[in-house]
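Undergrad: Fold the stuff below for me.
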Amino acid sequence: MTMDAHEQRRYRRAPVPVHFPTFAEMPESKRHLESRTTLYQILKLAFADRACIGCDQFVYWDPTDPKACLAPDAFLRLGAKDELFASWKVWERGAPHLAVEVVSIHDSRDEVWERKFDKYRRLGVRELVLFDLEAHAAPLRVWDAVDGDLVERELILPRRTQCGPLELSWVVVDDENVGLSLRLADSATGAFLPTPAEAERERAEAERERAEAERERARAERERGEIRIRALEEELARLKASG
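TA: Down below sits the predicted model:
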């Protein structure tokens, strides 16, 4: 019987585990909460069968430094089904392909964003999206990973650009309830990926239309039956009259 490799080794000291926190109290406006939650729900509904999706969990990229971390408002890595996780460790799961930051008034300060942006560069994300809830003229900024660097994209339209990892489009819209809202849309048709509430309304509407179509089919069948009965009655009456 062979022994486990670690059972055959002797060490001069016991290992000191590195603790990676999974939670921290952070102040957050309700508008910020609504924005990131909506985006997370859209991503989960559309991609849970082929991507792991996070929302405000810590993402670590250095196994020796718990301070080397970020907590994106939304992030996604393609290639595996979604699952529950307390935190995301890049050395175990790989770097997220996509990360989104929803900017608060505090985060929008240049020095704060520069520190956070430097962390994203080291994280290794493919596409980084900054969505500013207050910047109505230019609410969207996007960076792409190019040759080991994060390079900001020149946007032709201030409220629309491609989402490379997902082959969709980012679109900023005016929502009557929350103000500016970041959505994903089909690049060809322009159709938005639905929120769970929108998907449920669409499902209910489709069900209503199916039920209405079934009632119309049944009504038409009854009318055809009545016409056939009247025709038979008229034929029977004609035969009786001629006999």
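Undergrad: Just the buried residues of stretch 140-148, please?
TA: Using 16 or more other Cβ atoms under 10 Å as the test for burial, stretch 140-148 gives 140-145. From N, CA and C alone the C-beta is placed, and that goes for glycine too.
Undergrad: and of these, the nearest to H97?
TA: A145 (9.4 Å; Cβ to Cβ).
Undergrad: So that closest one sits against R126, correct?
TA: Yes. The criterion here is Cβ atoms under 8 Å, and A145 meets it with R126 at 4.9 Å.
Undergrad: Contact partners for the most centrally placed residue in the chain?
TA: For the chain, the residue nearest the mean C-alpha position is L43 (1.4 Å; Cα atoms, centre = their mean). Contact partners of L43, counting by Cβ atoms under 8 Å, 6 or more residues apart in numbering, are 51, 53, 74, 76, 184.
Undergrad: Can you read off the backbone torsions of it?
TA: The phi/psi pair for L43 (degrees, to the nearest 10) reads phi -60, psi -40.
Undergrad: R217 and A48, how far apart?
TA: 36 Å (Cβ to Cβ, to the nearest Å).
Undergrad: These two - which one has more neighbours?
TA: Legend: neighbour count by other Cβ atoms under 10 Å for R217 and A48, higher for A48 (13 against 10).
Undergrad: ok, now which ones touch the more buried one?
TA: Taking Cβ under 8 Å, 6+ apart, one finds 81-82 in contact with A48.
Undergrad: Per-residue confidence, it, what does it come out as?
TA: Here the pLDDT value assigned to A48 is 97.
Undergrad: any idea how far it is from P194?
TA: From A48 to P194 the distance is 14 Å (Cβ to Cβ).
Undergrad: can you check A218 too?
TA: In this view, A218 and P194 are 31 Å apart by Cβ to Cβ.
Undergrad: Among these two, which residue is more densely surrounded?
TA: P194 (18 against 10).
Undergrad: State whether that one and K44 are indeed in contact, as I suppose.
TA: No. Using Cβ under 8 Å, P194 is not in contact with K44, being 11.8 Å away.
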